[in-house]
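turn this into a model:
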Amino acid sequence: MSSRRNLESPALVQKKRHSRRRKIRIGMALVVVFFGGLVALTRLPLIRVYTVTVQGSETVSVVDVQTYIQSRLSGYYAWVIPKNNSVIFSLLRREKVASGTLATFSRLETVDMTLATKKTMTVTITERKPANLFCVPMPDEVIPEECYFVDDRGYIFDKAPYFSGSAYFKFYNPFISGDIITERVFDPVYFRDVQTILASLKGTLLTPISVVVMSDKEYKIVLKKTSNTQIDAPYMYIRGDVPASQTVDNIKAVLASPEFADKLKTRQSSLLYLDVRYPDQVYFKWNDGTPKPPTTESAAPTAKAL
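Residues are numbered from 1 along each chain as shown. Got it, this is the predicted structure:
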């Protein structure tokens with residue numbers, strides 16, 4: 001049996017071929033017109049961001065932030081679609097530009113971008129507040145130290161000017177090297193626990209002035225000297241992997257011990273160290289003034305102290 005195609009005349013076949021080609025050309029033309037129209041819409045001045053205003057700055061340069069954001073809005077996608085199109089920015093670019101701004105300006109804590117109009121963007125920033133200092137090198141080295149601002153979560157965000165005295169609490173960590181800014185003093189969980197331990201010392205005769213990282217889990221809290229005759233400041237050993245509540249309980253217990261408390265009141269400058277790293281046990285040492293080598297006293301929180 002012959003197919004229907006074989007029964008069609010060559011003229012009819014040619015006509016249908018021309019018809020299909022014409023439909024394809026029309027379809028392609030419509031697609032080009034459609035996308036050309038979209039591109040033309042994206043380039044309309046009415047929906048392009050031309051002005052960037054920055055508010056909330058305290059120390060970070062407004063001009064620098066504006067210049068950075070405007071640089072991220074300049075240019076085109078595929079050489080035709082403008083990056084400062086307000087619709088495209090709102091849908092696809094807002095979070096990326098905000099993240100880039102935070103990464104570029106380490107002092108910034110938050111960046112919020114809103115379009116006041118289709119042509120104007122308002123950028124609201126908040127800056128990190130210095131709560132502590134991170135200093136290098138270690139305190140027992142003779143080179144002049146350089147310090148950096150640290151926020152209340154242990155994030156190092158900017159170089160600090162020289163401060164005399166004890167304007168800020170200090171952290172030392174010999175295991176951080178290279179580009180210190182944007183690093184953390186140490187593990188965020190440990191940092192939070194150390195802050196809890198430091199807070200527990202407020203109102204006691206043990207005044208912390210700095211924390212020195214000894215290893216990845218062990219820290220030394222340096223305490224304030226109470227006498228000009230003290231050569232070295234007393235200190236307290238703690239562990240980062242021990243729950244802060246347990247360490248605080250150890251500190252409270254030994255401070256509540258009558259013998260230790262009385263001795264701390266009368267011979268505070270003789271305290272060499274406390275070691276509260278171990279469960280339900282505190283080690284401490286007093287300087288008894290004798291020339292014999294010092295020995296370590298070990299006591300549970302309720303045991304007698306020298």
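
quick check: phi and psi on residue 100?
Residue 100 adopts backbone torsions of phi -60, psi -40, taken as degrees, to the nearest 10.

what is the neighbour count of it?
Neighbour count of residue 100, defined by other CB atoms under 10 Å: 16. (Glycine included, C-beta is placed from N, CA and C.)

my guess is it contacts residue 72. True?
Yes. Counting by CB atoms under 8 Å, residue 100 does reach residue 72; the two are 6.4 Å apart.

distance check, residue 158 against residue 76.
Using CB to CB, to the nearest Å, one gets 35 Å for the distance from residue 158 to residue 76.

residue ranges of each domain in the chain, please.
14-42, 45-127, 132-299 (automatic domain parsing).

ignoring the adjacent residues along the chain, who's closest to the residue most central in space within the chain?
Central residue of the chain (CA atoms, centre = their mean): residue 155, 4.2 Å from the mean position. Excluding its sequence neighbours, the residue lying closest to residue 155 (CB to CB, 6 or more residues apart in numbering) is residue 184, at 5.8 Å.

let me know the pLDDT of that neighbour.
Listed pLDDT for residue 184 reads 94.

going by residue numbers, what spans are helices in the stretch 51-200 of the chain?
62-73, 86-88, 94-104, 188-200 (DSSP state H, counting those that start in this stretch).

can you tell which of the ones you listed is closest to residue 231?
Closest to residue 231 of the helices of the stretch 51-200 of the chain is helix 188-200 (CB to CB; 24.2 Å).

what is the mean pLDDT for the helix or strand that the closest one is followed by?
Per DSSP states H and E, the first helix or strand lying C-terminal to helix 188-200 is strand 208-213. The average pLDDT within strand 208-213 is 95.

quick one: strand 208-213 to chain centroid distance?
Computed by CA atoms, centre = their mean, to the nearest Å, the chain-centroid distance of strand 208-213 equals 20 Å.

now find how far off-centre the next helix or strand after it is within its chain.
Heading C-terminal from strand 208-213, the first helix or strand you meet, by DSSP H and E, is strand 218-223. Counting by CA atoms, centre = their mean, strand 218-223 is centred 23 Å from the centre of its parent chain.

what comes into contact with strand 218-223?
Applying CB atoms under 8 Å, 6 or more residues apart in numbering, the external contacts of strand 218-223 come out as 139, 186, 190, 194, 197-198, 201, 206-214, 233-240, 271, 277.

what angle separates that strand from helix 188-200?
30 degrees (axes from the mean of the first three to the mean of the last three CA atoms, to 10 degrees).

average pLDDT across strand 218-223?
96.

do the same with stretch 82-96
Here the average pLDDT along stretch 82-96 is 89.

looking at this, residue 11 is in a helix?
Yes. Using DSSP: H, G, I helix; E, B strand; the rest coil, the assignment for residue 11 is a helix.

ok, how many other residues are close to it?
Using other CB under 10 Å, residue 11 has 8 other residues around it.

and the gap between it and residue 18?
Separation of residue 11 from residue 18 (CB to CB): 11 Å.

for residue 105, what are phi and psi?
phi -110, psi 100.

and it, what is it in contact with?
Residue 105 makes contacts with 60, 64, 65, 68, as judged by CB under 8 Å, 6+ apart.

contact partners for the first one?
What that stands for is residue 60. Taking CB under 8 Å, 6+ apart as the criterion, residue 60 is in contact with 105, 107, 108, 125, 127.

ok, now how distant is the third one from residue 64?
Distance, residue 108 to residue 64, by CB to CB: 11 Å.

swap in the second one?
In this view, residue 107 and residue 64 are 11 Å apart by CB to CB.
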